[in-house]
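K.L.:
What follows is a predicted protein model with its sequence.
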Number of protein chains: 2
Amino acid sequence: MLNKVNREIPDEFLKNGKEVYQGKFYMDGKYVKKAAPTTKIFEKPVDSKLCSSIREACEKCGAKDGVTISFHSELRNGDYVMSMVTKVLIEEMGLKDITIAASSLGDAQDLIADYIEQGKVVGIQTSGIRGRIGEVVSAGKLKTPAIIRSHGGRPRAIEAGEVHIDIAFLAAASSDEWGNAKGTGGKNNFGSIGFGIGDARYADYTVIITDTLVDFPNLPAPISTVDVDCVCLVDEIGNPNKIASKEARFTDNPRELMMAENIAKIIAATPYFKDGFSFQTGVGGPSLAVNRFLEDYMVEKNIKMSFALGGVSNAICKLLDKGLVKSIIDVQDFDLGAIEHFTNNPKHFEVSSSEYANPANKSAYVNKLDFVVLSALEIDINFNVNVITGSDGVLRGAPGGHPDTAAGSKCCIIVTPLTRGRMATVCENVVTITTPGDCVDILVTDYGTAVNPLRQDLIECLDKAGIKHVSIEELKNKAYSLVGTPADLKWEDKVVAIVEARDGTILDVVRKIKPYTLN
Amino acid sequence: MLNKVNREIPDEFLKNGKEVYQGKFYMDGKYVKKAAPTTKIFEKPVDSKLCSSIREACEKCGAKDGVTISFHSELRNGDYVMSMVTKVLIEEMGLKDITIAASSLGDAQDLIADYIEQGKVVGIQTSGIRGRIGEVVSAGKLKTPAIIRSHGGRPRAIEAGEVHIDIAFLAAASSDEWGNAKGTGGKNNFGSIGFGIGDARYADYTVIITDTLVDFPNLPAPISTVDVDCVCLVDEIGNPNKIASKEARFTDNPRELMMAENIAKIIAATPYFKDGFSFQTGVGGPSLAVNRFLEDYMVEKNIKMSFALGGVSNAICKLLDKGLVKSIIDVQDFDLGAIEHFTNNPKHFEVSSSEYANPANKSAYVNKLDFVVLSALEIDINFNVNVITGSDGVLRGAPGGHPDTAAGSKCCIIVTPLTRGRMATVCENVVTITTPGDCVDILVTDYGTAVNPLRQDLIECLDKAGIKHVSIEELKNKAYSLVGTPADLKWEDKVVAIVEARDGTILDVVRKIKPYTLN
């Protein structure tokens, strides 16, 4: 069946009420019956939930073949916990048919690729999928299609009961013996534990994995003892120095700086740029650089930001320290500076991923965003964005909060160079749609700006401010003239991943890429 | 059917799996499938959830005949919100067959008694029931038996789906326009909003009623915007000066002081009195006075309290300020001093009533209590306690956290004068059982101390410390010799209230009292 963004969704995936994507606010005003866990009652007082090993915790929580386990990705590339736990389940306990429901997957979890190849891990539900996991899934080695969801789509699916977590294994920087747990207060702090909060509440069993046990009560705690069954003390939960990836950096590339400057100019030309506005950027170089150019406009016009949302980097923390931002609402921290700021600044607040972006909530913070600036691997002439598959069709990206902030914000700006290497970034059709075009308002490239024709109001603003813009087709044509028209990728029939829209409808599927051959 | 505390529970109440009380840890290790609300999806961004009136909010939330509405009782005797809302529903909107599920009811809600008499309010679920409401319920004027639950039993019932809240109307001292709400930050602060947190999460609709609207985001907020449908701004939510009732006072009665001193001596004689112990007192005069005598022992032995739990009064806050208590875990505040301390002290933490005392949790804070000191209206020779019905059989009390802390603590001490006026407090059979005797360890009266024979370990401790104690029968005999053997109350058949044990089994029923006549 063809969906609203013209992607053919195979009927086999449209069972049990699953629908195809039908527009960004299709679910508005509908009702959702929330799911809930089946939990064990600890009526008799117990002084401690400490287990002597991860294996003991797994056994207490009834781990068995076919189990669905969940993890948060706050330690990003520095995470040790997922590998540690799956190793116990698979190598020590000999379990199989495991499904991993994680908020993201990357290089730190390369071990999981082995378990996929061995047929031990048979299901993957995640936002990000990078490194060897992306490669083996793209090669068709996972038994069931991977399900890709946004950071808001994941808690939506959990709360709707579409993902039932049997056991959540949650890394905590500190915990008391009763499982009051947080992302700070330990030796390997990672800041906000926003991605783990919902897992603890909706999993049948929750295991806290920490390397720093602190005195009871470890309060206030985003993860409460009432949702925790077991606490495991390990040597190290991860390496926070690896949280900041190469994606989260400040650019000195002149083209990127130029794009960032143009974005700040565009923002300042809209009616939303006024005292009390709100803002989020991704962690791409040009997105991050917008912070510094925006600062000039804010100072000049004496405008302060009400709140910055994110995925938080040190850049926005510095703006708060300068008094230009009133508060930061934080679901994950992208660098050590942000972690430090989260720990110490009383105006830097923690929210769960459900609060951050779940479209089936009574309101998510993304719905109060004025601006979001996001990057893209590709964007097509209908403003559909791809942030999951590379130009070779292999899974190596992460929707993250991209579709959520794009849909919720009043003005969503995509920034990308027109070409990357020999690839056109602006194209006729993106390989995979991860953010539908009806959520994207403006595209800024190093060769010009285009506004989504759906947003005539923004076109007027830019015209009034004398900001030049062209049609997105012109940008695509320019890109093709520079690097040539891309050849179509060759696919097999097998679907290796399903991309869910944030509301749970199906946005796109990713098929197995045909191996490259000489003939 | 006869239950474990020898009360006859009529079969008509033992339907749908409802059981009679079978001992304090009967549910331990069992599993509970948690309930969940059906909530409306606000996928399209809305800038504000403000309603122009309570009526508008009621209509948006689908209020209709037969609705179950909930309220928290943090404003205690100073609460204006419950009367305000029920007046709109009943007098403005003409609704009927309303069930009120509140964390407590008292004089502030006398208006509800009228609505019960008019047959508009047909169901009451509460912990406390005092004032005119208690009188009309005892007189058999409520259409269905009132259900009395402890502070832990209430969230248990909500989370088990035994109470389904259609609309929660929650007083907040401050809220932003999106419904991030708390018990502080406004003009009528009441401190912890612990009783409201679960209501917001489990109700289909949640309405925040506040008199202080603050800038977005009102974070950190115990009640999150994602659980809130509507926000109503009113002139005054209540009068915090009325929070401290006559029950919450410091005594200068020499008999009460003597009992308090004896309790401190007993506490100091147990093995639980060591550095890092935990403690809770009720708000009765002698219970509160224990704090000051305990202080001497703590200083003398260089012992610090790990945490104080409650129901918090200024007395324990002062001990924290002196460095004798490391932290306070707070579900409600009993006086303005405690509210002030809650607002400003970073070691004074807020918990929900579920976290505080729900026996069907993975752990509740009451389960980590070493000592609790509680008062009683009556206690019988099996150590069963009554805190709900007066000597005339009329409902005028509140189990509150009594049964929860008694069951969870290592040492539960009941303090009461042997007689009150012409009534024996220690008796053969209490009028109504609210805390079963298997949860009660020690009774301290002004005529002596008795230890529950189930606790031979505590008897040994007292003997070793040379603390005199007698059998509870001796205390009862002494009481009867002083004031005479009480005549049995005369009851009609009609059950006016069901007292649920904290685990949901039925502990006792309260029948309609026979009107007093001359013949």
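P.N.:
Now that the structure is in, tell me what you want to look at. Numbering: from 1, shown residues only, chains lettered A, B, ... in the order given.
K.L.:
all helices for chain A, in order.
P.N.:
Using DSSP state H, the helices found in chain A span residues A:54-60, A:81-87, A:110-117, A:131-138, A:153-159, A:194-202, A:254-269, A:285-301, A:314-321, A:336-344, A:353-357, A:402-408, A:456-464, A:472-483.
K.L.:
Where among these is average confidence lowest?
P.N.:
Lowest mean pLDDT within the helices of chain A: helix A:285-301, a mean of 91.
K.L.:
so how far is it off the chain centroid?
P.N.:
Relative to its chain's centre, helix A:285-301 lies at 24 Å (C-alpha atoms, centre = their mean, to the nearest Å).
K.L.:
now for that helix, which elements pack on it?
P.N.:
For helix A:285-301, the elements it packs on are helix A:254-269, strand A:277-281, helix A:314-321, strand A:371-375, strand A:411-415, judged by 3 or more C-beta pairs under 8 Å, 6 or more residues apart in numbering or on different chains; DSSP states H and E. Quick note: C-beta positions are derived from backbone N, CA and C, even for glycine.
K.L.:
okay, those in JSON lines with mean neighbour count and distance to chain B next?
P.N.:
Shown next, in JSON lines, are the helices and strands packed on helix A:285-301 (neighbours: other C-beta atoms under 10 Å in any protein chain shown; distance: least, C-beta to the nearest C-beta, whole Å):
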{"stretch": "helix A:254-269", "mean neighbour count": "20", "distance to chain B": "18"}
{"stretch": "strand A:277-281", "mean neighbour count": "26", "distance to chain B": "9"}
{"stretch": "helix A:314-321", "mean neighbour count": "21", "distance to chain B": "13"}
{"stretch": "strand A:371-375", "mean neighbour count": "27", "distance to chain B": "12"}
{"stretch": "strand A:411-415", "mean neighbour count": "27", "distance to chain B": "12"}
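K.L.:
Which among those is found nearest to residue A:388?
P.N.:
Nearest to residue A:388 among the helices and strands packed on helix A:285-301 is strand A:371-375; the distance by C-beta to C-beta comes to 12.8 Å.
K.L.:
Touching, residue A:384 and residue A:439? I think so.
P.N.:
No: between residue A:384 and residue A:439 there is no contact under C-beta atoms under 8 Å: 9.3 Å.
K.L.:
Spit out the residues that contact those two alike.
P.N.:
Shared contacts of residue A:384 and residue A:439 (C-beta atoms under 8 Å, 6 or more residues apart in numbering or on different chains): none.
K.L.:
ok, back up a step: so which of the helices and strands packed on helix A:285-301 is nearest residue B:228?
P.N.:
Of all the helices and strands packed on helix A:285-301, strand A:277-281 comes closest under C-beta to C-beta, at 18.8 Å.
K.L.:
what's the angle between that closest one and helix A:254-269?
P.N.:
Between strand A:277-281 and helix A:254-269, the angle comes out at 160 degrees (axes from the mean of the first three to the mean of the last three C-alpha atoms, to 10 degrees).
K.L.:
just checking, what packs against strand A:277-281?
P.N.:
helix A:285-301, strand A:305-312, helix A:314-321, strand A:371-375.
K.L.:
try it again with 7 Å
P.N.:
helix A:285-301, strand A:305-312, strand A:371-375 (3 or more C-beta pairs under 7 Å, 6 or more residues apart in numbering or on different chains; DSSP states H and E).
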